[in-house]
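Asker: Generate a structure from the sequence data that follows.
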Amino acid sequence: MPKPSRGRPRPPGKQSADGVVRIIGGQWRGRKLPFYSAEGLRPTGDRIRETVFNWLAPYIEGARCLDLFAGSGALGLEALSRGAASCDFIDSQARSIEQINTHLSTLQCSLGSTHCQRAEHFLNANPATWDIIFLDPPFSQNLLEPTLRQLDDNTNAARFIYIEVDKNTPYIAPTQWREVKQKISGQVRYSLWENPIE
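Answerer: A predicted model of the protein is given here:
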């Protein structure tokens, strides 16, 4: 039989967060934001984010960012905290988008736009260009390759693309990009690619 709970009962309709994301740099440094679990959700860890944004430090100020498969919103919120001009957050899970909207409201930030739809549909409908795209899809859902193929068709999609993937997962980057940074942390391989747009 399950043991009775010794904690204080939760108020009706209230749910506790499944985890917390901490912003590690910029104007909101140290702010802790809750997130709720969703299929494949795996927020980018503090150490990886610190490394990634050290890579991006010369380019993040005033950048237009796209956080595909946004999940907790950790990457896009970190970018906004560090001076990005804007960020589009894309996720197919309504709960994740609702949570990111809550974070933007809590931080009194009007520079983020949220879109509850699949990444492929968003890219089809928005052939825009960004300065930085963050690609951190759920590892087990085979979403990275088709997204990269879509981006390969739009040669001016972004100047930089950050990719986070299981370290054992191969992928083919768009033809015009070159890899400028790569590291492995535990089971995660993460890299930064540059598109030498004229």
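Asker: CA atoms for contacts and neighbours, from now on please.
Answerer: Noted.
Asker: for this structure, what spans make up the helices?
Answerer: 46-55, 74-81, 94-106, 119-125, 144-153 (DSSP state H).
Asker: Deepest-packed of those, please.
Answerer: Comparing those on average neighbours per residue, with mean count of other CA atoms under 10 Å, the densest one is helix 74-81 at a mean of 25.
Asker: Rounded mean pLDDT for that helix, please.
Answerer: Across helix 74-81, pLDDT averages out at 97.
Asker: got the CA positions of that helix in PDB?
Answerer: The C-alpha trace of helix 74-81 is given here as PDB (Å, rounded to 0.1, in the frame of the first residue of the first chain):
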ATOM      1  CA  ALA A  74      15.900  28.300 -21.000                       C
ATOM      2  CA  LEU A  75      18.000  29.100 -24.100                       C
ATOM      3  CA  GLY A  76      15.800  31.900 -25.400                       C
ATOM      4  CA  LEU A  77      15.300  33.500 -21.900                       C
ATOM      5  CA  GLU A  78      19.100  33.400 -21.400                       C
ATOM      6  CA  ALA A  79      19.600  35.100 -24.700                       C
ATOM      7  CA  LEU A  80      17.100  37.900 -23.800                       C
ATOM      8  CA  SER A  81      18.700  38.300 -20.400                       C
END
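Asker: Now do it: which elements does it pack against?
Answerer: Secondary-structure packing of helix 74-81 (3 or more CA pairs under 8 Å, 6 or more residues apart in numbering; DSSP states H and E): strand 64-68, strand 86-91.
Asker: got the angle for the last one vs strand 64-68?
Answerer: Counting by axes from the mean of the first three to the mean of the last three CA atoms, to 10 degrees, strand 86-91 points 10 degrees away from the direction of strand 64-68.
Asker: show me the contacts for the nearest residue to L192 once chain neighbours are set aside.
Answerer: In space, L192 comes closest to Y162 once its chain neighbours are excluded; the distance is 4.6 Å by CA to CA, 6 or more residues apart in numbering. Contacts of Y162 were listed using CA atoms under 8 Å, 6 or more residues apart in numbering, and they are 132-135, 190-193.
Asker: how about a cut-off of 6 Å?
Answerer: By CA atoms under 6 Å, 6 or more residues apart in numbering, the residues touching Y162 are 134-135, 191-192.
Asker: Straight-line length of stretch 166-183, end to end?
Answerer: Length of stretch 166-183, first residue to last, CA to CA, to the nearest Å: 12 Å.
Asker: whoops, stretch 113-130 was the one
Answerer: 14 Å.
Asker: cool, stretch 36-55 as well?
Answerer: End-to-end distance (CA to CA), stretch 36-55: 29 Å.
Asker: What of stretch 162-180?
Answerer: End-to-end for stretch 162-180, by CA to CA: 10 Å.
Asker: Enumerate the positions of it that are buried.
Answerer: Neighbour-count burial for stretch 162-180 flags 162-166, 173-174, 177 (criterion: 16 or more other CA atoms under 10 Å).
Asker: And for T114, the neighbour number?
Answerer: Neighbour count of T114, defined by other CA atoms under 10 Å: 19.
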